[in-house]
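Trainee: predicted model and sequence follow; I will ask about them next.
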Amino acid sequence: MIQDYQAALALIHGRPRFGKAETMTRMQALLTLLGNPQDQLQYVHITGTNGKGSVSRMTEQILSAHGLQVGLYTSPFIMRFNERIQINHTNISDDDLVRWVQKLEPLLAQLDAQVTGGPTEFETITALMFAYFAEQKVDVVVLEVGIGGVLDSTNIIQSKLVSVVTTVAFDHQKLLGNTLTAIATQKAGIIKGPTHPTVVGRLPDEALQVIDRKTKRLKILDRDFWLEQVQQEANGNFIFDFVNQHGVKLTNLNLNLRGNYQLENSAVAIMTAQLALQALNIDLKPAAVQVALQNVTWPGRFEYLQQQPSVVIDGAHNLAGVKGLLDSLQQLPARHIEIIMGVLTDKDYPAMLMQLKTDPRVHLTVVDFDAPNQRQVVQPNNLETLVDATAADFEQAYAALQPLPSDTAVVFTGSLYFISAVRQAFVAKKFSKIR
């Protein structure tokens with residue numbers, strides 16, 4: 001019997017990462033034993049190669065600023081596991097997590113004994129989330145897809161206020177396919193019918209064609225809604241106007257997120273929130289949107305850990321993410337940029353490394369790190385022809401740069417698991433050279 005928080009986490013993380021077959025059978029069986037809590041909730045469902053976490057956070061922030069109780073489900077966590085399940089910016093408590101794992105433990109044992117095998121780690125967490133949010137009677141759940149869409153555990157839900165596809169690019173090809181059309185088809189699986197409201201960001205033509213065939217209620221960035229009068233303040237915040245085709249105009253919005261890619265994400269989030277509120281018969285309030293965006297935070301996405309000289313972390317974990325990072329690096333006035341990167345082997349890391357080197361200011365170091373679930377990390381000693389330097393870990397790489405010249409910025413990037421470790425070390429002041 002699970003008795004404490006660490007034992008609860010051990011049970012969750014001890015579940016298999018993948019099932020014996022890609023199917024919804026395990027997820028449905030577990031939820032049936034729980035009384036199908038997912039059927040008691042309303043959802044905004046968000047998928048995409050990149051940006052889905054940021055859009056989820058901003059959408060949740062806008063909806064909660066309108067007085068709603070909003071559940072948020074995202075992955076992975078950056079600082080602590082409980083971040084993955086939140087209500088109005090407050091993480092699930094340790095006690096509630098333990099309580100629900102105690103309820104799940106015998107159900108998992110029961111299903112483990114069946115021929116189909118028991119639920120995976122992600123299915124277990126997702127079921128816990130549904131049960132907790134149903135118990136707490138939240139008004140809306142902002143639900144981030146894990147991978148893809150069609151067979152993602154979150155796609156067990158049938159009724160949705162809005163579906164969102166933020167971006168479509170190459171990632172997880174072994175699971176989703178080797179073409180943009182195939183990847184888009186997987187992500188479009190969260191769209192349940194031709195009358196289902198759907199919002200999309202800037203998609204490649206072949207991906208947009210797939211989405212367009214799935215629903216007639218499609219809102220497309222730059223066609224149906226857009227940003228105007230974009231500028232960046234000295235503190236890094238973006239100021240802009242949001243406009244849509246129906247005459248809605250929100251002026252002088254102030255976004256407390258730094259990466260250039262967050263402009264597109266914020267536009268998608270505002271449009272998504274407007275449609276969700278409309279479905280709930282609530283008017284979009286400009287003042288609430290302003291408050292939400294001005295106060296939003298999302299760790300690990302072009303986040304400054306230190307100013308003067310700048311230290312930034314950004315979870316650019318695939319080639320599209322690296323391109324977004326490079327665009328955002330134009331914000332940095334530094335003459336030299338030291339990039340310290342930890343990356344997984346299942347990514348197109350040669351292309352990612354070469355892309356980073358296109359900025360002449362960049363000096364690139366690749367390091368090893370501990371990844372969860374036996375994920376394979378690119379070994380630095382195999383990359384000497386592609387990078388400028390290697391190091392055993394990020395602490396060693398960062399220490400070698402000290403003292404940092406005033407005209408140099410440091411950017412940690414790559415896997416979100418790597419970014420999580422870096423941020424935790426900075427917050428805990430584990431680096432001896434932190435100013």
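Mentor: On my side now, so go ahead. Numbers count the residues shown, from 1 in each chain.
Trainee: gap between the two ends of stretch 251-269?
Mentor: Stretch 251-269 stretches 16 Å from its first residue to its last (C-alpha to C-alpha, to the nearest Å).
Trainee: mean confidence (pLDDT) on it, please.
Mentor: The average pLDDT for stretch 251-269 rounds to 97.
Trainee: for stretch 378-395, same thing?
Mentor: Per-residue pLDDT values over stretch 378-395 give a mean of 90.
Trainee: where exactly do the helices run in the stretch 151-300 of the chain?
Mentor: Applying DSSP state H, counting those that start in this stretch to the stretch 151-300 of the chain gives helices spanning 173-176, 180-187, 205-214, 261-279, 286-295.
Trainee: buried stuff in the third one?
Mentor: With burial defined by 16 or more other C-beta atoms under 10 Å, the residues of helix 205-214 counted as buried are 207-208, 210-211, 214. In this view, the C-beta of every residue, glycine as well, is placed from N, C-alpha and C.
Trainee: center of the chain, which residue is that?
Mentor: G53 (2.6 Å; C-alpha atoms, centre = their mean).
Trainee: leaving out chain neighbours, which residue sits closest to that residue?
Mentor: Of all residues not flanking G53 in the chain, T74 sits nearest, at 5.2 Å (C-beta to C-beta, 6 or more residues apart in numbering).
Trainee: now do T297
Mentor: The spatial neighbour of T297 that comes closest, neighbours along the chain excluded (C-beta to C-beta, 6+ apart), is N256 at 6.7 Å.
Trainee: which residues touch that neighbour?
Mentor: 237, 293-297 (C-beta atoms under 8 Å, 6 or more residues apart in numbering).
Trainee: among the residues you listed, name the buried ones.
Mentor: Applying 16+ other C-beta under 10 Å to these flags 237, 293, 296 as buried.
Trainee: so how far is Y398 from the second one?
Mentor: Taking C-beta to C-beta, to the nearest Å as the measure, L293 and Y398 are separated by 32 Å.
Trainee: dump the C-alpha coordinates for stretch 381-388 into PDB.
Mentor: Presented in PDB, the C-alpha positions along stretch 381-388 are these (Å, rounded to 0.1, in the frame of the first residue of the first chain):
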ATOM      1  CA  ASN A 381      32.500  12.500 -27.600                       C
ATOM      2  CA  ASN A 382      30.800  11.400 -30.800                       C
ATOM      3  CA  LEU A 383      30.200  15.000 -31.900                       C
ATOM      4  CA  GLU A 384      33.600  16.600 -32.000                       C
ATOM      5  CA  THR A 385      33.300  17.400 -35.800                       C
ATOM      6  CA  LEU A 386      29.900  19.100 -35.300                       C
ATOM      7  CA  VAL A 387      30.500  21.200 -32.200                       C
ATOM      8  CA  ASP A 388      33.100  23.600 -30.800                       C
END
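Trainee: and V150, which of the three is it?
Mentor: coil (DSSP: H, G, I helix; E, B strand; the rest coil).
Trainee: what is the neighbour count of the residue lying closest to it once chain neighbours are set aside?
Mentor: Closest residue to V150 apart from its sequence neighbours, by C-beta to C-beta, 6+ apart: G189 at 3.1 Å. By other C-beta atoms under 10 Å, 18 other residues sit near G189.
Trainee: wouldn't G189 be in contact with T154 here?
Mentor: No. Look at G189 against T154 with C-beta atoms under 8 Å: they stay out of range, at 10.7 Å.
Trainee: mutual contacts of the two, please.
Mentor: Counting by C-beta under 8 Å, 6+ apart, nothing touches both G189 and T154.
Trainee: buried set for the least confident helix or strand in the chain by mean pLDDT?
Mentor: Least confident helix or strand of the chain, by mean pLDDT, DSSP states H and E, is helix 173-176 with a mean of 78. Using 16+ other C-beta under 10 Å as the test for burial, helix 173-176 gives L176.
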